[in-house]
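In: Task: produce atomic coordinates for the following.
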Amino acid sequence: MTLQIAIVACVIGVVLGIIIAMVKVAAKGSKNPLLRFAYFICTVYTTIIRGTPLMIQLLILYGIALIPNGVIACFIGFGINSGAYISETFRSGIQSVDAGQMEAARSLGLSRWQAMRTVILPQAIKNVLPAIFNEFITLIKETSVAGYIAVNDLTKMANAIKSRTYDSISLYLAAIVYLILTYILTQVLRMLERRFRKSDRN
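Out: Numbering: from 1, shown residues only. Below is the predicted model of the structure:
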């Protein structure tokens with residue numbers, strides 16, 4: 001369940017992050033009222049989500065928003081929270097691509113959207129992929145609060161065993177499982193970073 005929540009939330013976060021980042025980049029300097037309004041909505045969203053605790057967001061979704069299924073509330077809550085952070089990562093990734101790339105694509109007859117989709121975004125994704133992978137690692141640890149909305153994740157199950165046996169060993173074992181997961185994923189991340197550096201040199 002811990003991995004399932006982290007994976008689904010990361011996918012939702014990446015989709016939201018790309019959309020919000022592209023809106024913010026496209027709205028910069030634009031006089032289009034719809035685009036400016038979309039930029040305002042995205043800014044309010046990221047400000048609220050980044051400025052409030054994740055656990056409160058989950059409690060609101062599960063309680064006030066009347067999402068009776070704790071797992072679905074976790075998918076949505078963690079995904080929305082992750083999207084706010086990933087959007088800034090993608091925005092910086094898009095802006096890190098040389099401006100000449102857009103100009104070259106436009107000179108070949110591509111529209112701004114086509115240039116963004118086929119030229120800029122693939123390069124931006126490659127630039128931010130390590131940061132996205134790191135966000136996934138962070139999500140795995142953050143899922144430990146899912147038990148507050150009745151989701152049987154790793155932490156809640158370990159605590160349930162402790163309450164029955166009066167032995168804290170289950171909590172230590174849960175901590176070890178988190179450590180093993182994050183260690184393995186961190187090593188995978190380092191391998192990816194080395195491969196990217198090697199491909200950049202080539």
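In: Longest helix in the chain, by number of residues?
Out: Criterion DSSP state H: the longest helix present in the chain is helix 169-201.
In: residues of that one that come out buried?
Out: Neighbour counts over helix 169-201 (16 or more other CB atoms under 10 Å) mark 170, 174, 178, 181, 185, 189 as buried. For every residue, glycine as well, the C-beta is placed using N, CA and C.
In: can you tell me how far the nearest residue to the fifth one once chain neighbours are set aside sits from residue 82?
Out: Which is residue 185. Spatial nearest neighbour of residue 185, excluding adjacent residues (CB to CB, 6 or more residues apart in numbering): residue 137 at 4.9 Å. In this view, residue 137 and residue 82 are 12 Å apart by CB to CB, to the nearest Å.
In: rewinding a little: SS state for the residue nearest to residue 185?
Out: Following DSSP: H, G, I helix; E, B strand; the rest coil, the label given to residue 137 is helix.
In: The residue lying closest to residue 14 once chain neighbours are set aside: what's it in contact with?
Out: With sequence-adjacent residues excluded and distances taken as CB to CB, 6+ apart, residue 14 is closest to residue 86, at 5.9 Å. Going by CB atoms under 8 Å, 6 or more residues apart in numbering, residue 86 touches 13-14, 16-17, 132, 135.
In: Need the pLDDT of residue 86.
Out: Residue 86 carries a pLDDT value of 92.
In: again, but for residue 55
Out: The model's pLDDT for residue 55 equals 88.
In: Report all helices and strands that the helix or strand encompassing it contacts.
Out: Per DSSP states H and E: residue 55 is located in helix 54-59. With contacts taken as 3 or more CB pairs under 8 Å, 6 or more residues apart in numbering; DSSP states H and E, helix 54-59 sits against helix 70-96.
In: Can you list the low-confidence ranges for the protein?
Out: Scanning the chain with the threshold set as pLDDT under 70 gives 65-66, 199-202.
In: okay, now residue 72: neighbour count?
Out: For residue 72, the neighbour count with other CB atoms under 10 Å is 14.
In: next one: the one 10 residues further on
Out: Applying other CB under 10 Å, we find 27 other residues in the vicinity of residue 82.
In: give me the number of residues near the residue lying closest to it once chain neighbours are set aside?
Out: Nearest residue to residue 82, sequence neighbours excluded (CB to CB, 6+ apart): residue 13, at 2.9 Å. Applying other CB under 10 Å, we find 25 residues neighbouring residue 13.
In: residues in contact with residue 13?
Out: 78-83, 85-86, 135, 139.
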